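[1] need a 3D model of the sequence below.
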Amino acid sequence: MSLPITPEVIMSRPSPTTHERTFSENELIVSKTDLKGRLTYVNDVFCRVGLYTEGELLGQPHSIVRHPHMPRAVFHMLWQRIQNGEEIFAFVKNMAKNGDYYWVLAHVTPSRDQQGRIDGYHSNRRVPQRESLNRIEPIYRRLLEEENRHPDRKQGMHAAAALLQATLDEAEQSYDEFVFSLAA
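    Residues are numbered from 1 along each chain as shown. Got it, this is the predicted structure:
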């Protein structure tokens, strides 16, 4: 059993590197979490790509693989959607244990108990197409810049969410249509 992620452990995480990790187009990264986002299941691909053991991951917050270059606004929207019982697809940049990064196209859905109540979350992640990443990275950079422009993290997240919505409005697309247009 691994130790819980504490502020000290988070502070000791390595800095992000410029080395990209990859996995096969025929593989899926799979994980399940409880309602608070703590990992309850991880597959071998998740462990291999993230350079973690199953024991290091189980019980930890899924955010253990959150890359600091990912806009918080995207995760905020993701959590809102799945907590409302909706599925979501999103491009996500994750960070391996050594600081390397890897991109995924995540499909996140709520899991339900026999009474139909949400009792956790399930995510399958695929390798995104390089063309999709070439289009999403500048958008994510703009969102992250907007977040970092504000001294208050919450205010920055909400400002970036508004910027994302303005981008979608300008394209006359819903978030799902936007992601699918990039993934096609």
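
[2] how about the residue nearest to Met95 when sequence neighbours are not counted, what does it touch?
    Sequence neighbours aside, His67 is the residue nearest to Met95 in space, at 4.1 Å (criterion: Cβ to Cβ, 6 or more residues apart in numbering). Using the backbone N, CA and C atoms, a C-beta is placed for each residue, glycine as well. With contact taken as Cβ atoms under 8 Å, 6 or more residues apart in numbering, His67 is in contact with Pro16, Lys93, Asn94, Met95, Tyr101.

[3] make it 6 Å
    Residues in contact with His67 (Cβ atoms under 6 Å, 6 or more residues apart in numbering) are Lys93, Asn94, Met95, Tyr101.

[4] same check on Glu27?
    Val45.

[5] break down this structure into its strands, ranges please.
    For the chain, the strands defined by DSSP state E cover 29-33, 39-42, 88-95, 101-112, 118-126.

[6] which of these sits closest to Arg149?
    Shortest distance between Arg149 and the strands of the chain, using Cβ to Cβ, is found for strand 88-95: 19.9 Å.

[7] Gln165: how many residues sit nearby?
    13 (other Cβ atoms under 10 Å).

[8] repeat for Leu105
    By other Cβ under 10 Å, neighbour count at Leu105 equals 20.

[9] circling back to that earlier point, for the contacts of His67, which one is nearest Lys36?
    Of the contacts of His67, the one sitting nearest to Lys36 (Cβ to Cβ) turns out to be Asn94, at 19.1 Å.

[10] quick check: that closest one touching Tyr102?
    Yes. Using Cβ atoms under 6 Å, Asn94 is in contact with Tyr102, at 5.4 Å.

[11] where in this structure is pLDDT low?
    Residues of the chain that meet the criterion pLDDT under 70 lie in 1-12.

[12] any idea how far Val92 is from Arg112?
    23 Å (Cβ to Cβ, to the nearest Å).

[13] show me which of these two is the more surrounded one.
    Legend: neighbour count by other Cβ under 10 Å for Val92 and Arg112, higher for Val92 (22 against 12).

[14] quick one: contacts for the more buried one?
    Val92 neighbours (Cβ under 6 Å, 6+ apart): Val104, Ala106.

[15] and what of Ala90?
    Ala90 neighbours (Cβ under 6 Å, 6+ apart): Leu78, Ala106.

[16] try 7 Å
    By Cβ atoms under 7 Å, 6 or more residues apart in numbering, the contact list for Ala90 reads Val74, Leu78, Ala106, Val179.

[17] with Arg66 instead?
    Met95.

[18] over to the closest residue in space to Gly50 that isn't next to it in sequence: give its phi and psi.
    Among residues not flanking Gly50 along the chain, Ala96 sits closest, at 4.9 Å (Cβ to Cβ, 6+ apart). The phi and psi values for Ala96, taken as degrees, to the nearest 10, are phi -80, psi 170.
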